[in-house]
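**Q** sharing a model prediction with you, sequence too.
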Amino acid sequence: MDENPAQIPGRIKELREVMEISAMDMAADIHVPLETYEKYESGEQDIPISVLYNIAVRLGTDVTVLMTGEDPRMDSAAVCRKGKGVRVERYPGYEFSSLAYNFRGRTMEPLLVLLDSSRPPAAQVSHSGQEFNYVVEGRVKVTVGRAEYVLEAGDSVYFDASLPHSQSAVNGSAQFITIIQE
């Protein structure tokens, strides 16, 4: 399994070309401007996780194939051991690890997210669906729309992911689990 996030754009381009889908049609199908899509595919711009899901749907594959180059194998349960999640770099300022990458047909994406307050804060994003964040360690400032919430270990927030939102570590590093349902 190739867990190198830099390989994702190449996998997308290869699958798109095999399926004989033009970049223009792909961009239109996933509702992004052609110029943005081309930057995703060239690796010049990070692909938001929600867009990665839309691309996987359009290509008729599982997002795991795009992330790892392999099909997910599990139908009933998929265990992810500590430190063994598949790393997904989708937004500057965040380090994501997919915790359910090996489960076929999943309808939500649980991710372990690492933040460090020494890094520039991430820009707000929005995507379809809902999102749940649970702080594992440290303190995390979660901004949803204009509201800000400072959460500590054991705290959580559930919100409409179509609202602009971001998370940042407060004074040091922090970890939280996010569950995204499209």
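**A** Arrived safely, thanks for sending. Residues are numbered from 1 along each chain as shown.
**Q** quick one: contacts for residue 172?
**A** Shown in contact with residue 172 (C-beta atoms under 8 Å, 6 or more residues apart in numbering): 116, 117, 138, 139. In short, each C-beta sits where N, CA and C put it, glycine included.
**Q** got it, and residue 153?
**A** Residue 153 makes contact with 135, 136, 137, 138, according to C-beta under 8 Å, 6+ apart.
**Q** separate out the buried members of the contacts of residue 172.
**A** Listed as buried from the contacts of residue 172 are 138, 139; burial here means 16 or more other C-beta atoms under 10 Å.
**Q** could you chop this structure up by domain?
**A** 5-68, 107-181 (automatic domain parsing).
**Q** mind checking the SS state of the residue lying farthest from the centre of the chain?
**A** Largest separation from the mean C-alpha position in the chain: residue 20, at 26.0 Å (C-alpha atoms, centre = their mean). Three-state assignment for residue 20 (DSSP: H, G, I helix; E, B strand; the rest coil): coil.
**Q** and the gap between it and residue 168?
**A** The gap separating residue 20 from residue 168 is 42 Å, by C-beta to C-beta, to the nearest Å.
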